[in-house]
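Visitor: fold the following.
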Amino acid sequence: MNKYFLNIYIKKFFYYLSFILVLLLSSCQTPKYLQVKKITKSDSILPEVQYFINENFNPEEIDCIAIGTIKDNSDKSEFSQLDKVNLAKYSLYSHLSPKRYRDVEIHQMTYLLKEKQNFNLVLKTLDCDAILDGEIIKFENKFYVAFSSTKVGLNLSLRKQSGELLWKGNHIASSRAGTIPLSPISLASGIFSASTNTEEEVALQMLDAAARRLLNTIPDRKTIDNNLQLKYITTPIDKKIIPVKIQKTKNPNILFSLGEFNKAIELIDKKLQIKPNDHEFIFLKGRSYLLLNEYQKASSSFLDAIAIQPKDKYFNGLGFAYTKLEYYNKSLAAYQKAISLNNKNSFAYFNSGLILENQGYFKKAGDYFYSAGTSSILNKDFTRANDSLIALERLSKKQEKLINKKNKLDKLITEFTKDTKEKIKIVKIKN
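Guide: Down below sits the predicted model:
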């Protein structure tokens, strides 16, 4: 071989070798968390999480954070089969929930943003304090000599109703295939079910890592009172619907997931003319009425579904509607029936606890919250498990007998949700 070409070959070999080593190093490193005054494009080879926090940001003054608009500014040709925007929203939603802010369901926000077309009006309608929105800046998989590297990047902002910036963060999660596992919280959220192949699974792992790392830098709330939890209890969940592709088929479940509640009701009514005993559609109709704040119509729909098939989730819906109508004794009766049908019904336990606490039955309420927390863990509903812990912490100050249950639940949640694969170290720097 010609000596000139041999030298070029050797130089290229070492170039590619050093390039691969750099990629391997960066993919395996725990990210550095940098609190800055201004978010900049990172030139660092190693992963960074940059974030800004307004010095006036007091988490105890922010009761509610809603997930707003997420724009997809990534390469549209990459992972085109995935609904990146909705997947990002659900991932952010799942990691925001344990931080003790009241959240707003994704499909409800989708509906209100379409109706109001102004985030300030939406927040006022929801009585919500702040909105989290941003963009997907990267969502790609690149092939190199010996392996592929997947990157997902998010740029996020948290603003108050007034428009004041409270927090901002930027991070690109990068890895060789399979080096960062999905957290238990995201596994429970349903985003993992959106993948159809290994490349997509790795991309969802990176999405989960980016969302988790960024939201880790938002301060947690410490206290939530009973009135707040009771007033803003979430609607009963049947299935977490995450559109993976654009759906052209008219389906009530898809319309519901897209926040098209009136259209979903219209389509359900048409289908019920053909199949009047379809209790699943009647239940979905009731849930749609709930999110339209039409609680009498919702309760009627749930009663119709129960008359056909008495399922515990139908009693959940009825109990929720009665609570919103302030028929608390009827609500407790509906939840008790739900529990008799399913003794792991965390929704019924938790909401019963809120009503009992409001009525002054603190010891009994604490027992229900503990059952709600343990059954939530079994159901992989870590959001409700955390809500139950918050309630037990609150009640244990009034009833010392509940301290032991509070400590037990706290330990269980920690064991089931801690991430042993990634030790988080936050480094604050001066800009």
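Visitor: where does the stretch 301-431 of the chain dip in pLDDT?
Guide: By pLDDT under 70, the low-scoring segments of the stretch 301-431 of the chain are 418-431.
Visitor: helices or strands up against the helix or strand harbouring Ser375?
Guide: Take DSSP states H and E as the rule and Ser375 turns out to sit in helix 362-378. Here helix 362-378 touches helix 346-358, helix 382-396, helix 403-417, going by 3 or more CB pairs under 8 Å, 6 or more residues apart in numbering; DSSP states H and E. All C-beta spots, glycine's among them, are computed from the backbone N, C-alpha and C.
Visitor: and of these, who's closest to Gly68?
Guide: Gly68 sits nearest to helix 382-396 of all the helices and strands packed on helix 362-378, at 18.9 Å, using CB to CB.
Visitor: and the angle for that closest one with helix 362-378?
Guide: On the basis of axes from the mean of the first three to the mean of the last three CA atoms, to 10 degrees, helix 382-396 is oriented at 160 degrees to helix 362-378.
Visitor: re the thing from before, so which of the helices and strands packed on helix 362-378 is the most packed in?
Guide: helix 346-358 (a mean of 25; mean count of other CB atoms under 10 Å).
Visitor: using CSV, write out every CA atom in that one.
Guide: Provided in CSV are the C-alpha atoms of helix 346-358 (Å, rounded to 0.1, in the frame of the first residue of the first chain):
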residue,chain,number,x,y,z
SER,A,346,-57.4,3.9,44.8
PHE,A,347,-59.6,6.5,43.2
ALA,A,348,-62.5,5.7,45.5
TYR,A,349,-60.3,5.4,48.6
PHE,A,350,-58.6,8.7,48.0
ASN,A,351,-61.7,10.7,47.2
SER,A,352,-63.6,9.2,50.2
GLY,A,353,-60.7,10.3,52.4
LEU,A,354,-61.0,13.9,51.2
ILE,A,355,-64.7,14.0,51.9
LEU,A,356,-64.2,12.4,55.4
GLU,A,357,-61.4,14.8,56.2
ASN,A,358,-63.6,17.7,55.2
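Visitor: name the surrounding residues that touch it.
Guide: Here helix 346-358 makes contact (CB atoms under 8 Å, 6 or more residues apart in numbering) with 226-227, 229-230, 233, 236-237, 312, 315-316, 319-320, 323, 328, 331-332, 335-336, 338-339, 342, 364-366, 368-369, 371-373, 375-376, 379, 381, 384-385, 387-388, 391, 395.
Visitor: tilt between it and helix 382-396?
Guide: Going by the same axes, to 10 degrees, helix 346-358 is angled at 20 degrees with respect to helix 382-396.
Visitor: pLDDT of stretch 112-123, averaged?
Guide: On average, the pLDDT along stretch 112-123 is 83.
Visitor: wait, I meant stretch 60-69
Guide: Averaging the model's pLDDT scores along stretch 60-69 yields 93.
Visitor: now do the helix holding Ser375: distance to the chain's middle.
Guide: With CA atoms, centre = their mean, to the nearest Å as the basis, the distance from the averaged C-alpha position of helix 362-378 to the chain average is 22 Å.
Visitor: rebuild the helices and strands packed on helix 362-378 as CSV, extending it with distance to Leu156.
Guide: Shown next, in CSV, are the helices and strands packed on helix 362-378 (distance: least, CB to CB, whole Å):
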stretch, distance to Leu156
helix 346-358, 29
helix 382-396, 19
helix 403-417, 22
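Visitor: quick one: closest of those helices to Val104.
Guide: Proximity to Val104 (CB to CB) singles out helix 382-396 among the helices and strands packed on helix 362-378, at 12.6 Å.
Visitor: mind listing what Tyr289 touches?
Guide: Shown in contact with Tyr289 (CB under 8 Å, 6+ apart): Phe261, Ile265, Tyr295, Lys297, Ala298, Ser301.
Visitor: distance of it from Glu200?
Guide: Here Tyr289 is placed at a distance of 35 Å from Glu200 (CB to CB, to the nearest Å).
Visitor: per-domain residue ranges of this structure.
Guide: For the chain, the structural domains run 11-222, 226-417, going by automatic domain parsing.
Visitor: need the contact partners of the host helix or strand of Ala338.
Guide: Using DSSP H and E, Ala338 sits in helix 328-341. Defining contact as CB under 8 Å, 6+ apart, one finds that helix 328-341 is touched by 310-313, 315-316, 318-320, 322-323, 345, 347-349, 351-352, 355-356, 358-359.
Visitor: do that again at 6 Å, thanks
Guide: By CB atoms under 6 Å, 6 or more residues apart in numbering, the list of residues contacting helix 328-341 from outside reads Asp312, Phe315, Asn316, Leu318, Gly319, Tyr322, Thr323, Asn345, Ala348, Asn351, Ser352, Ile355.
Visitor: check which residues of it are buried.
Guide: Tyr328, Lys330, Ser331, Leu332, Ala334, Tyr335, Lys337, Ala338, Ile339, Leu341 (16 or more other CB atoms under 10 Å).
Visitor: helix 346-358 and that helix, what's the angle between them?
Guide: 140 degrees.
Visitor: now helix 328-341, how far from the centre of its chain.
Guide: Centroid separation for helix 328-341 versus its chain: 27 Å, with CA atoms, centre = their mean.
Visitor: and if you look at stretch 401-414?
Guide: With CA atoms, centre = their mean as the basis, stretch 401-414 stands 24 Å off its chain's centre.
Visitor: okay, that stretch in PDB with CA atoms only?
Guide: The C-alpha coordinates for stretch 401-414 follow below in PDB (Å, rounded to 0.1, in the frame of the first residue of the first chain):
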ATOM      1  CA  LYS A 401     -51.900   7.600  65.400                       C
ATOM      2  CA  LEU A 402     -51.500   8.200  61.600                       C
ATOM      3  CA  ILE A 403     -47.700   9.100  61.800                       C
ATOM      4  CA  ASN A 404     -46.800   5.400  61.500                       C
ATOM      5  CA  LYS A 405     -49.000   4.900  58.400                       C
ATOM      6  CA  LYS A 406     -47.500   8.100  56.900                       C
ATOM      7  CA  ASN A 407     -44.000   6.800  57.400                       C
ATOM      8  CA  LYS A 408     -44.800   3.400  55.900                       C
ATOM      9  CA  LEU A 409     -46.400   4.900  52.800                       C
ATOM     10  CA  ASP A 410     -43.500   7.300  52.400                       C
ATOM     11  CA  LYS A 411     -41.000   4.400  52.500                       C
ATOM     12  CA  LEU A 412     -43.000   2.400  50.000                       C
ATOM     13  CA  ILE A 413     -43.200   5.200  47.500                       C
ATOM     14  CA  THR A 414     -39.500   5.800  47.800                       C
END
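Visitor: okay then, goodbye and thanks.
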